[in-house]
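*Asks:* Build the 3D model from these lines:
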Amino acid sequence: MKRILLAAASIAAIASPALADPTTSPLNASVTVNGSVAARCEFQGAEAGNGSHTVAIPEAAFLDLDNGQLQSALEAGIGGALTGVTMWCNGAGTDVALSASPFGNTSANVNNANFADRVDYALSVGLQGVGSLNVNTTTVAKGSFATQAFSNVGPFIGTPTIGFDIADSNKILVAGNYSGTVALTVTPGI
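*Replies:* Below is the predicted model:
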């Protein structure tokens, strides 16, 4: 009977899998992840987004109807239209530019010390991490743009601080339609 048991034990040893010797060296398994993030900028808040926006200002808000001169409240209105936007850019090579044209009368050209066919102003837009962009429309012709730009400003986030100051609010505005443009342009880059 001993013989039968030994044979059965030998068969069981042949049928079972061999056990590996444990290692004392560290084992390593790695996963490589490759991906990319595009350079981009976002505007969030009032008037946010990509594209242009037109703001129509009624005559009563534009002028003091008693004396025909610009209302000082116009400064707060223009500055207010540009605030309330949070913006961010994630690229180290981001370009930022501020351009502004005088609010010019599109139907008249007047050269008179008491009247104006354009509204000139100084505008500053401060961006945290970028600095302050400053333009003054008194330096350009009606229909042209005063521009300041910064290149490769790096990633930034924040709400712009706006400074708006009318150059000469003592002249009477000539009758007609007035139009001008303010553009803050951000171009993402790596």
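*Asks:* F115 - how many residues pack around it?
*Replies:* 15 (other Cβ atoms under 10 Å). Heads up, the C-betas are built off the backbone N, CA and C, glycines and all.
*Asks:* if I read this right, it contacts G176, doesn't it?
*Replies:* No. Contact criterion Cβ atoms under 8 Å: F115 and G176 do not qualify, at 11.2 Å.
*Asks:* and the residue most central in space within the chain, helix, strand or coil?
*Replies:* Taking Cα atoms, centre = their mean, the centroid of the chain lies closest to M87, which sits 4.3 Å from it. The three-state assignment at M87 reads strand, by DSSP: H, G, I helix; E, B strand; the rest coil.
*Asks:* So it versus T147, what's the distance?
*Replies:* According to Cβ to Cβ, to the nearest Å, M87 and T147 sit 19 Å apart.
*Asks:* C89 too?
*Replies:* 19 Å.
*Asks:* okay, those two: which has more neighbours?
*Replies:* C89 (25 against 15).
*Asks:* and that one, bridged to which residues?
*Replies:* C41, F156 (DSSP bridges).
*Asks:* Now do the nearest residue to S144 once chain neighbours are set aside, the pLDDT please.
*Replies:* Spatial nearest neighbour of S144, excluding adjacent residues (Cβ to Cβ, 6 or more residues apart in numbering): S101 at 6.3 Å. Looking at S101, its pLDDT reads 93.
*Asks:* all helices for the protein, in order.
*Replies:* Remark: helices assigned in the chain by DSSP state H are 2-15, 59-62, 73-82.
*Asks:* Could you identify which of these has the lowest mean pLDDT?
*Replies:* Among these, helix 2-15 carries the lowest mean pLDDT, at a mean of 51.
*Asks:* OK, contacts around the residue nearest to T187 when sequence neighbours are not counted?
*Replies:* Nearest residue to T187, sequence neighbours excluded (Cβ to Cβ, 6+ apart): D95, at 4.4 Å. Applying Cβ atoms under 8 Å, 6 or more residues apart in numbering to D95 gives the contacts A149, F150, S151, N152, V153, T185, V186, T187, G189.
*Asks:* tally of neighbours for the third one?
*Replies:* When neighbours are counted by other Cβ under 10 Å, S151 registers 11.
*Asks:* Grab the nearest non-local neighbour of it.
*Replies:* Leaving aside its sequence neighbours, S151 sits nearest to D95 (Cβ to Cβ, 6+ apart; 5.0 Å).
*Asks:* buried ones in stretch 108-125?
*Replies:* A116, D117, R118, V119, D120, Y121, A122, L123, S124, V125 (16 or more other Cβ atoms under 10 Å).
*Asks:* of these, closest to N34?
*Replies:* V125 (38.1 Å; Cβ to Cβ).
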